[in-house]
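**Student:** predicted model follows, preceded by the sequence.
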Amino acid sequence: MGRNYEDLPFPKDFRAICKKILTRLFRVFVHTYIHHFDRIVDLGAEPHANTLYKHFYFFVTEHSMVSAKELEALREMTERLTADCCPASSSSSAASARPSSTSNKPR
């Protein structure tokens, strides 16, 4: 029979552990968008990847799980992706998700 985990409290450093995991996951998004975005487009998965990233972004910012310094890596793309729902955060067009600072980033 399995162990019953319902009565165990969360570890004291649970939030710090989650922040570390989500920061590392954000770095996976950065790598994917910078180095593999053309492949995502070829697969027709750009809308799905962008939606996944937007949900991730809104969660980590709402709960302060990834630092602003880390999020800076995809700032331009994030502003374009969130312009339709957060117009105050960006004056950029939402038409293109590709950050302009690197050649292989999302459009």
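**Tutor:** In hand now; what should we look at?
**Student:** shaky segments in this structure?
**Tutor:** 1, 87-107 (pLDDT under 70).
**Student:** helices of that one, residue ranges please.
**Tutor:** In the chain, the helices defined using DSSP state H lie at 14-35, 37-42, 46-62, 68-71, 75-82.
**Student:** just send those back as CSV, with distance to E6 and mean neighbour count too.
**Tutor:** C-beta: built from backbone N, CA, C; applies to glycine. Formatted as CSV, the helices of the chain follow (distance: least, C-beta to C-beta, whole Å; neighbours: other C-beta atoms under 10 Å):
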stretch, distance to E6, mean neighbour count
helix 14-35, 16, 14
helix 37-42, 40, 14
helix 46-62, 25, 15
helix 68-71, 34, 12
helix 75-82, 37, 21
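**Student:** and these as TSV, adding distance to N4?
**Tutor:** Shown next, in TSV, are these (distance: least, C-beta to C-beta, whole Å):
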stretch	distance to N4
helix 14-35	19
helix 37-42	42
helix 46-62	29
helix 68-71	37
helix 75-82	41
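**Student:** closest to G2 out of these?
**Tutor:** When the helices of the chain are compared for distance to G2 using C-beta to C-beta, the nearest one is helix 14-35, at 21.2 Å.
**Student:** using PDB, list the CA coordinates for the closest one.
**Tutor:** Output in PDB follows, covering the C-alpha atoms of helix 14-35 (Å, rounded to 0.1, in the frame of the first residue of the first chain):
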ATOM      1  CA  PHE A  14       8.600  24.900  -0.900                       C
ATOM      2  CA  ARG A  15       8.200  28.300  -2.500                       C
ATOM      3  CA  ALA A  16      11.900  28.700  -3.100                       C
ATOM      4  CA  ILE A  17      12.000  25.200  -4.700                       C
ATOM      5  CA  CYS A  18       9.100  26.200  -7.000                       C
ATOM      6  CA  LYS A  19      10.800  29.400  -7.900                       C
ATOM      7  CA  LYS A  20      14.000  27.600  -8.900                       C
ATOM      8  CA  ILE A  21      12.100  25.100 -11.000                       C
ATOM      9  CA  LEU A  22      10.000  27.800 -12.800                       C
ATOM     10  CA  THR A  23      13.100  29.900 -13.400                       C
ATOM     11  CA  ARG A  24      14.800  26.900 -15.000                       C
ATOM     12  CA  LEU A  25      11.600  26.200 -17.100                       C
ATOM     13  CA  PHE A  26      11.700  29.900 -18.200                       C
ATOM     14  CA  ARG A  27      15.200  29.300 -19.400                       C
ATOM     15  CA  VAL A  28      13.900  26.400 -21.500                       C
ATOM     16  CA  PHE A  29      11.400  28.800 -23.100                       C
ATOM     17  CA  VAL A  30      14.200  31.300 -23.800                       C
ATOM     18  CA  HIS A  31      16.400  28.600 -25.400                       C
ATOM     19  CA  THR A  32      13.500  27.200 -27.400                       C
ATOM     20  CA  TYR A  33      12.400  30.600 -28.700                       C
ATOM     21  CA  ILE A  34      15.900  31.700 -29.600                       C
ATOM     22  CA  HIS A  35      17.300  28.500 -31.100                       C
END
